[in-house]
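J.: Give me coordinates for this.
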Amino acid sequence: MTHRNSSLLEQNARLGRRAFLRGTGGLLGSIALPSLLRGEELRARGPHHAPRARRVIFLFMAGAPSQMDLYDPKPKLQELDGQPMPESLVAGQPVDQLKGRQLVIAGSRFRFARSRSGVELSELLPNLAGVSDRIAFVHSMHSEIINHEPAQSFLLTGSGQGGRPSCGSWATYGLGSANRDLPSFLVLTSGPPQSLSARLWGHGFLPGREQGVQLLAGKEPVRFLENPPGVDRAQRREHLDVLRELNEMRHAQLGDPAIETRIESYELAFRMQQEVPEVTDLSQEDPRTLALYGIEPGVPSFATNCLLARRLCERGVRFLQLCHGGWDHHSQLVRNLRARTSEVDRPIAALILDLERRGLLDDTLIVCAGEFGRTPMNQGGQTGDRYGRDHHGQAFSVWLAGGGIRGGAEVGKTDELGYRVVEDPVSMHDLHATMLHLLGFDHEKLTFRHQGRDYRLTDVSGEVVRKLLV
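T.: Have a look, this model is predicted:
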């Protein structure tokens, strides 16, 4: 056989294989697509132990609230207010204020009182104080990162570097979907304008279906979800059927999992066209419920997002990330902290009470955190609007409530000035390990193979904080 004839035979064989794949693409797709869309059982990794929580609401206070003005009172700061910060504490420390300035101790400008659980809370949080017996406070969080963007990434993805999946994506990767008509991971934002990277709810190297989907305020909660003018639902279905066939053929040829994700995304978007308008319509809510949250109808707010979070929990969404901006108070702290807490205190307490009365709090984990804390030193000046605090990663507070959390607990302590952790330090990886544990997962076993190694949310460390658990 000549070389020319051999080449022609090989070419015909390749063409034959391609024709076969094209011809059977619809058949292969008809087999594959139902398995892609059957639901939770195929997506979920399955819990490693009995879960205490079935879903998470993560309240992210972007910019970093001042813990010593909200959750961690320090009488010594009040006593030494205006005096120089001890050199023994701050020498050689990564504090931006150290750049040629005299560090001055700053006591809180707010009063504290014993709450319902006995925990001391700021006067700025009267409603949270009323539900504090459902909440556990961690006063010993710490982080080595003190710049906003990488610290936010560390809090929400377990890494200060880009490209890692968010904790919401890891949760849905493990849990799977409980409602085929809505994304498993949804994000809502509110507060003063603040640049938040979409990678804070990104899927990273996990399958694309684990991507967080942002719901927007206004008439169009999801961009481009509505049909274009002149296209009705039946026509959209026909268009998607043709597009699905083409994608199935391509998947049969290449076996690329990204094509599977694309098929799922189109189908999910089609179903969301009916589900999203219903879930975001608050007109049927009891007026007493709207009043409980402090919602002004038609006005986008953190309060509205909290009520939406409850409605989405009822419909099986696994992970809700509520981002509220405006907590970076280098100056004008008194005025701005009062404004921010007035926006979140009532809705958060309402969310806890509303979930509880509907039987959802016991299996819903709520986490409230900023990316780091604030310094016990004054940054802007002792009086007037200049008064403020710098970034501080060595010690800050977060709180948790709901599924599996021991209400009324306090974990960890800081020194008398609130500068360093002195008891039960808790890292970001510890926090993530605890979240996964409550969802039923061993954080060391929930992994994904990527670039030749098994990655996990907690990287190479992390311990479950047992003192937080019931």
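J.: quick one: the spatially closest residue to P425 that is not a sequence neighbour and A395, what's the gap?
T.: Distances taken as Cβ to Cβ, 6 or more residues apart in numbering place S140 nearest to P425, at 5.1 Å, with adjacent residues excluded. Using the backbone N, CA and C atoms, a C-beta is placed for each residue, glycine as well. Separation of S140 from A395 (Cβ to Cβ, to the nearest Å): 7 Å.
J.: what bits of the stretch 101-250 of the chain have low per-residue confidence?
T.: 101 (pLDDT under 70).
J.: where along it do the helices fall?
T.: All helices of the stretch 101-250 of the chain, identified by DSSP state H, counting those that start in this stretch, fall at 126-130, 148-157, 167-175, 233-254.
J.: and stretch 138-152, how far out from the chain's middle?
T.: Relative to the chain's own centre, stretch 138-152 is displaced by 15 Å; criterion: Cα atoms, centre = their mean, to the nearest Å.
J.: Let's see it as CSV, backbone CA atoms only.
T.: This file holds the C-alpha atoms of stretch 138-152, laid out as CSV (Å, rounded to 0.1, in the frame of the first residue of the first chain):
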residue,chain,number,x,y,z
VAL,A,138,-15.3,34.3,69.4
HIS,A,139,-13.0,37.1,70.8
SER,A,140,-9.8,35.4,69.7
MET,A,141,-9.8,35.5,65.9
HIS,A,142,-6.5,36.4,64.3
SER,A,143,-5.1,36.8,60.8
GLU,A,144,-1.6,37.8,59.5
ILE,A,145,-3.2,39.8,56.6
ILE,A,146,-4.1,43.4,57.2
ASN,A,147,-4.9,44.7,53.7
HIS,A,148,-8.6,44.6,52.7
GLU,A,149,-8.6,42.7,49.5
PRO,A,150,-6.3,39.8,50.4
ALA,A,151,-7.8,39.6,53.9
GLN,A,152,-11.3,39.4,52.5
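J.: Flag every buried residue along it.
T.: Going by neighbour count (16 or more other Cβ atoms under 10 Å), the buried part of stretch 138-152 is 138-143, 145-146, 148-152.
J.: Could you pull up the residues touching the residue nearest to the spatial centre of the chain?
T.: In the chain, the centroid-proximal residue (Cα atoms, centre = their mean) is Q321; its distance is 3.7 Å. Going by Cβ atoms under 8 Å, 6 or more residues apart in numbering, Q321 touches F58, F60, L156, S166, G168, F185, L186, V187, L188, L200, W201, G212.
J.: let's see it at 7 Å
T.: Going by Cβ atoms under 7 Å, 6 or more residues apart in numbering, Q321 touches F58, F60, G168, V187, W201, G212.
J.: mind checking the SS state of it?
T.: strand (DSSP: H, G, I helix; E, B strand; the rest coil).
J.: beta partners for it?
T.: F58, V187 (DSSP bridges).
J.: Can you tell me which of the contacts of Q321 are classed as buried?
T.: Buried among the contacts of Q321 by 16+ other Cβ under 10 Å: F58, F60, G168, V187, W201, G212.
J.: which of these sit farthest apart?
T.: Using Cβ to Cβ, the buried ones among the contacts of Q321 span at most 11.8 Å, a distance reached by F60 and G212.
J.: Could you report the neighbour count for H391?
T.: Residues within reach of H391, counting by other Cβ atoms under 10 Å, total 25.
J.: Next: the one 4 residues further on.
T.: Residue neighbour count, defined by other Cβ under 10 Å, stands at 29 for A395.
J.: Run a quick check on it versus Y419, I expect a contact.
T.: Yes. With contacts counted by Cβ atoms under 7 Å, A395 reaches Y419, the gap being 6.3 Å.
J.: Burial check on S184, number of neighbours?
T.: 28.
J.: Test my guess that it contacts V317.
T.: Yes. Taking contacts as Cβ under 7 Å, S184 lies within contact range of V317: 6.4 Å.
J.: what touches both of the two?
T.: Taking Cβ under 7 Å, 6+ apart as the criterion, S184 and V317 do not both touch any residue.
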